[in-house]
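Engineer: Show me how the following folds:
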Amino acid sequence: MAPYIAPDFDHLKDAVALDLRDVLFKTFTEPMVGSLINEGIAELDRLRPWPRVVALAWTYPATDIALGRQQIIALEAQNYTDAPWRYVPQCSRTFEGIAADGWDQWGDTLILPQGILTSDTTAFRALCYEDRDPLKNETDVAQFFDMTDEEVVRAYARWTALEMLLHDRTLYQQWQTQANNSDVSPTQLLQMASTFKQEWSDLRKRAVLLRRVA
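Structural biologist: Numbering: from 1, shown residues only. Model prediction:
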């Protein structure tokens, strides 16, 4: 089986438009479809967290490291270039913001353990969970691991878009005037929306991945 290749924003929008039977973006404009996709990516972050190994920006002799959107799972330190990475344990307790026997994370700050041996050549890297970047440019490639990630986003977009048609008569009339949708009655649209909702519900249950505990 060929390895999975994540689509770029342009191809992902085309795929969602095809799912919605609106390949010319006459009802759901490209910006609307793009917004649905990015909403789906945010939902994907909740269901299937994205683990990454990242280098942490640290300046000697600071005792903490400013983080972005990362949730740290494990931490390693390296004393100098080409030295072996060593595991830094997580603390078992903290007292007044001080990590007594290992590292700790408080919000967007990583607190280094007391007594850790560092120098101006020390580097830190971490295994962490990080939110996927929203897609902006046509050539931006989605940060998907596999087809399940892609299908989560597309299923969310399908279901949300059909809900929009059900609650916006003007939008529905625009969608229905297209040749391939002219014979879709409100009752049939309701059935389609129900099908998409059930598909999304089933996929959400199957796709969920538990977060690792640090």
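Engineer: show me what contacts Thr81?
Structural biologist: By CB atoms under 8 Å, 6 or more residues apart in numbering, Thr81 lies in contact with Thr121, Ala123. Quick note: C-beta positions are derived from backbone N, CA and C, even for glycine.
Engineer: And the one 5 residues further on, by the same measure?
Structural biologist: Contacts for Arg86 (CB under 8 Å, 6+ apart) come out as Glu76, Ala77, Gln78.
Engineer: can you tell me how far the residue lying farthest from the centre of the chain sits from Gln176?
Structural biologist: Distance to the chain centre peaks in the chain at Asp183, reaching 37.0 Å (criterion: CA atoms, centre = their mean). Per CB to CB, to the nearest Å, Asp183 is found 9 Å from Gln176.
Engineer: Next: Ala42.
Structural biologist: Taken as CB to CB, the span from Ala42 to Gln176 is 30 Å.
Engineer: Flag the shaky bits of this protein, pLDDT-wise.
Structural biologist: The chain contains residues with pLDDT under 70 at 93-100, 179, 213-214.
Engineer: where exactly do the strands run in this protein?
Structural biologist: All strands of the chain, identified by DSSP state E, fall at 51-56, 64-66, 71-78, 86-88, 94-95, 98-99, 104-106, 109-111, 123-129.
Engineer: Which residue, other than its chain neighbours, is closest to Val53?
Structural biologist: Of all residues not flanking Val53 in the chain, Leu127 sits nearest, at 5.5 Å (CB to CB, 6 or more residues apart in numbering).
Engineer: how about the one you found, what does it touch?
Structural biologist: Pro51, Arg52, Val53, Ile72, Ile73, Ala74.
Engineer: let's go with 10 Å and repeat that
Structural biologist: By CB atoms under 10 Å, 6 or more residues apart in numbering, the residues touching Leu127 are Pro51, Arg52, Val53, Val54, Gln70, Ile72, Ile73, Ala74, Leu75, Glu76, Arg212, Ala214.
Engineer: closest to Asp146 out of the strands of the chain?
Structural biologist: Closest approach to Asp146 among the strands of the chain (CB to CB): strand 51-56, 13.7 Å.
Engineer: so the closest one versus strand 123-129, what angle?
Structural biologist: With axes from the mean of the first three to the mean of the last three CA atoms, to 10 degrees applied, the angle from strand 51-56 to strand 123-129 works out at 150 degrees.
Engineer: Using PDB, write out every CA atom in strand 51-56.
Structural biologist: Output of strand 51-56 as PDB, limited to C-alpha atoms (Å, rounded to 0.1, in the frame of the first residue of the first chain):
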ATOM      1  CA  PRO A  51       2.500  14.400  19.200                       C
ATOM      2  CA  ARG A  52       5.700  16.100  18.100                       C
ATOM      3  CA  VAL A  53       9.400  16.300  19.200                       C
ATOM      4  CA  VAL A  54      10.300  19.900  19.400                       C
ATOM      5  CA  ALA A  55      13.400  21.900  20.300                       C
ATOM      6  CA  LEU A  56      12.800  24.300  23.200                       C
END
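Engineer: This completes my enquiry, with thanks.
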